[in-house]
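Trainee: What shape does this take:
(chains A and B)
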Amino acid sequence: MASELGPVLRAITRNKTAFLLVVMEVAFGFAVISSIVWVGAWYHSRGSADPGHSTQGLFSVQSLGPAESLLQAERRQQKELAALRSHNAVKEAAALSQDILDPSWINGFFVRRANGGAPLMAAWAIDGSANLADTLALTIHEGRAPRSFGNEASDEALISDNLARKLFDNAAAAVGQQLVMSDESTPITVMGVFKDARLLIPFLVNSDAVVLRVRPAATTRGSRYVVRTHAANEDEATAHALAATLRHLDPERVVVVRPYRLDTARHVNVSGGLIATLGIISVALAIVALVGNLAITAFLVQQRTRQVGIRRALGATPWDVVHYFMIENSLAVALGCVLGLAISLAYYFAFNSIFPEIHLSPWFFVFTAILFFVDGMLATLIPALRAARIPPTVASRSL
Amino acid sequence: MEMLAYHCRLALRSLRRDLSFSLAMVCCLALSSSIWGGALAHYLRLHESHRPWSHQAFAIDAQRGDTQAAIKAMLPGDWRRQNIVLNWSEYAKLKHALACPIGGNYRADFLVQDQAHQLVMARMPGRFTDGLLFSLFPRRFAWGHPWSAADEQAQRPVVVLSRVLNQQLFGGANSVGRSLNIEGRAFRVVGVLADHQPYLPPWDLAAGGADQDRFMIPLTLAPVLAVPPEYETHGYARTRSFEALLASPKPFIATWVQTPSAQAVRVQTQIEALIGTHVLVRPLAEHRRNYPLPPQGAEFFTVLCALVILVGGFSMTRLLFAKSVARQKEIGVHRALGASRASLFVRTMIEAAMVALAGAILTVPLLQLLLWFFNARHLTNDVPLAFTNSLLLAATLPAFVVGLAAGLYPAWRVAHTRPTLYLARV
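Mentor: Numbering: from 1, shown residues only, chains lettered A, B, ... in the order given. Modelled structure (predicted):
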């Protein structure tokens, strides 16, 4: 290897421009691809993360109609909940104000500890029945679920593990503490902490910081429910039966029942579309880089036909010739990768506010470097193999 | 001129001779510039709403002191959507007492059904607005016109459909005079918009790149339909009924006044006297400067794809360079026969220009294909990426410039080929 380096370095010095062009192209290409990899990984993590709770037999149900008084809406919600719970296929049913299938990009609230001492944090409140955590099959690993039931508001709440850690350092310390949310003046008491679950659109900042409050979730224009059934997710008969149950109460009502399928949720489509876009950019860039690489390596080989012939005449094997070109290309790729890494990191620090909570892994860069080495090898191999076939007699032709 | 034609013929012959090299260069350039164009389409869509609208459109920007400062500290990137708009009682006072025309609007989710109640759309985004919006921010109508002041005052159920909803409900045909059911009431279609809504509609001071408003209905109907705004406002108690919202201090109505610039300060003083809150009355451009957009994904991708076009340029330089060095012997003979450096430089540059031109032309269908893909994949919202003249220019011109720039070094190398080196071998 060391013995090969001398001739390679001398060849590079003779063809500085060609070498520099390879380095620059790899550097910019590396910056683009590695940025695509970390952004793509971020979108992928947002779009395909484990929901953290069972979605088996879970349905999202909406009952909508023209505005009515709040009192009427709450009564209607009680009736609808009772009707849903009495259905044979239903294990649990709970009302809730919003969830991951909600197409609106709704606002969050700010939360702080009632006794001060911790910063104000952006968090998300889901209001609903006291049995909401049970219906969603959330894992409560500290404390207990709120005991209140019915349509009455309670000062008891559950918070996510993520929020507990941010506000109280650990989940156990959060139980029994009081919180103040920006949309209410009275504090709420943390009764338990549940394991982080995907309950809201994951592109939102702090989407894991969730407070489940026991509140009447009805609005004057309708209610939203989550229903755990004995059925499989795709069971259309169950979906129809749930819709019929609510329509039986009021035939004029618009009832929308969807299986709780995360793969059809909007955030999954968005992240899928963006990953596909990033893939197109990557493929286009790889083609451009490969074509450029092929051309320049073919040129270098052609330039050195006589030199290769002399080496072959002096006893170099075909493998030595291939090896020689591989080392030359690898040096250019390595230098380009180092330069590209610097550009990519600068890019990351300039734009990371767009992608909150992104975790930059060294594997992203390793993967990109491997990609460029493979790309470079592929581009070098064909011309290098051609060079390896140059007979030693070529060297004697001009003697 | 004759010399130029001669050089062009030679360049064309050279491109034909190394056809695979030439095609590779064109493809590299076209691929990279179409990717750049795709990113640019996102960027232009984001900034399209900055085009000048009425010079008499002034936004009312409520300055709520401590509340606003606290919200800004909590959500520095997102606070523009909050708090600067007016609450219902402030808006009602101004509407009643202000001398100049005033227009408010807010966005909400509606329950919509077609006339036959066959097609039901739950939670469809629409907008309550005063008719003044149509004169402050004029938009093209495919059919019909905005509703009248009389419609507004009489609280008539009239609706202006977006292009998207008209396509969805009526197949894109003229639907003026037809009806649709919004929140259980029949609304008569009076107009259909011809164009898609800008990504950030300027009339919505709180906009954040959501889906287009599917329709607009008079703001005077808001108390009748009782549909609350799409967003809760930070820092205010959640209101669960519309009556409670109207009675609360929670701001949700983006409000504009129509006034000549010279009168803006006087209008501002009048508004402050009427509602007792410090406000700023300023034109859209100034408002945007004060509430700059938080960093967006489109900007990230635009910068990223600018690097892609650079890679394309480097690739083309490498190909041209390889080609020129491979033909050094022939060029040396040319030089020995009297070809000047300038003529060789010009000939190589013409070759680069031809490749650049072909690359720029090929960019157009590739870019259209890419935009079709992006629009089909339904990205972050439903405002489609448009293939506009400005996009065409912004995508193809850099392709041409990068192609030309890529030819500079190889042309210089060709021009500096020493004739003696090759004559010695003859």
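
Trainee: do stretch A:219-238 and chain B meet at all?
Mentor: Yes - Stretch A:219-238 is in contact with chain B by CB under 8 Å from any CB of the partner chain, via A:Thr219, A:Thr220, A:Arg221, A:Gly222. From N, CA and C alone the C-beta is placed, and that goes for glycine too.

Trainee: So the spatially most central residue of chain A versus chain B, what's the distance?
Mentor: Centroid check for chain A by CA atoms, centre = their mean gives A:Ser45 as the closest residue, at 2.2 Å. Going from A:Ser45 to chain B by CB to the nearest CB, to the nearest Å gives 16 Å.

Trainee: Tell me the confidence at A:Ala118?
Mentor: With respect to pLDDT, A:Ala118 scores 62.

Trainee: I meant to write B:Pro398 there.
Mentor: At B:Pro398, the model reports a pLDDT of 91.

Trainee: show me what contacts it?
Mentor: Contacts for B:Pro398 (CB atoms under 8 Å, 6 or more residues apart in numbering or on different chains) come out as B:Ser33, B:Trp36, B:Ile309.

Trainee: Check whether the longest helix seen in chain A comes into contact with chain B.
Mentor: What stands out as the longest helix in chain A, according to DSSP state H, is helix A:266-303. Yes - part of helix A:266-303 sits near chain B under the criterion CB under 8 Å from any CB, namely A:269-270, A:272-274, A:276-277, A:280-281, A:284-285, A:287-289, A:291-292, A:295-296, A:298-299, A:302-303.

Trainee: Mean confidence (pLDDT) on whichever helix or strand A:Ile33 is part of, please.
Mentor: Using DSSP states H and E, the element containing A:Ile33 is helix A:16-48. Averaged across helix A:16-48, pLDDT comes to 85.

Trainee: Output the contacting helices and strands for that helix.
Mentor: Other helices and strands packing on helix A:16-48, by 3 or more CB pairs under 8 Å, 6 or more residues apart in numbering or on different chains; DSSP states H and E, are helix A:266-303, helix A:318-351, helix A:362-388, helix B:297-326.

Trainee: which stretch in these is the model least sure about?
Mentor: helix A:266-303 (a mean of 79).

Trainee: Residue 271: what's it in contact with?
Mentor: Looking at chain A here, since you left the chain open. Applying CB under 8 Å, 6+ apart to A:Ser271 gives the contacts A:Tyr43, A:His44, A:Arg46, A:Gly47, A:Ser48.

Trainee: wrong one, I was asking about chain B
Mentor: Listed by CB under 8 Å, 6+ apart, the contact set of B:Ile271 reads B:Ile60, B:Leu94, B:Leu98, B:Val257, B:Val279, B:Val281.

Trainee: Quick one: list the elements packing against the very next helix or strand once past the longest helix of chain A.
Mentor: As assigned by DSSP H and E, the chain's next helix or strand after helix A:266-303 is helix A:305-313. Where contact means 3+ CB pairs under 8 Å, 6+ apart, helix A:305-313 is packed against helix A:318-351.

Trainee: What residues sit buried inside the helix it packs on?
Mentor: A:321-329, A:331-337, A:339-341, A:343-344, A:347-348, A:351 (16 or more other CB atoms under 10 Å in any protein chain shown).

Trainee: The longest helix of chain A vs helix B:297-326, what angle?
Mentor: 10 degrees (axes from the mean of the first three to the mean of the last three CA atoms, to 10 degrees).

Trainee: Check the residue nearest to A:Pro66 when sequence neighbours are not counted and give its pLDDT.
Mentor: Of all residues not flanking A:Pro66 in the chain, B:Gly184 sits nearest, at 3.6 Å (CB to CB, 6 or more residues apart in numbering or on different chains). On the pLDDT scale, B:Gly184 is placed at 85.

Trainee: ok so, going back, going by distance to A:Ile12, which of the contacts of B:Pro398 wins?
Mentor: A:Ile12 lies nearest to B:Ile309 out of these, by CB to CB, at 27.3 Å.

Trainee: Now for that closest one, how many residues are close by?
Mentor: By other CB atoms under 10 Å in any protein chain shown, the residues close to B:Ile309 number 26.

Trainee: Could you pull up the residues touching it?
Mentor: With CB under 8 Å, 6+ apart, B:Ile309 has these contacts: B:Ser32, B:Ser33, B:Ile35, B:Trp36, B:Pro398, B:Ala399, B:Val402.

Trainee: cutoff 6 Å now
Mentor: Contacts for B:Ile309 were tallied using CB atoms under 6 Å, 6 or more residues apart in numbering or on different chains; they are B:Ser32, B:Ser33, B:Trp36, B:Val402.

Trainee: quick one: the third one is in a strand?
Mentor: No - residue state for B:Trp36 (DSSP: H, G, I helix; E, B strand; the rest coil) corresponds to helix; a strand is not indicated.

Trainee: Test my guess that it contacts B:Leu304.
Mentor: No - look at B:Trp36 against B:Leu304 with CB atoms under 6 Å: they stay out of range, at 9.5 Å.

Trainee: Out of those two, name the residue with the larger neighbour count.
Mentor: Taking neighbours as other CB under 10 Å, B:Trp36 and B:Leu304 compare with B:Trp36 leading, 28 against 21.

Trainee: What residues does the stretch 201-350 of chain B have near chain A?
Mentor: Residues of the stretch 201-350 of chain B lying close to chain A (CB under 6 Å from any CB of the partner chain) are B:226, B:231-232, B:235, B:237-238, B:240-241, B:295, B:297, B:300, B:304, B:307-308, B:310-312, B:314-315, B:317-319, B:322.

Trainee: Could I get the full set of strands for the stretch 1-150 of chain A?
Mentor: Remark: strands assigned in the stretch 1-150 of chain A by DSSP state E, counting those that start in this stretch are A:58-64, A:90-95, A:109-113, A:121-128, A:140-143.
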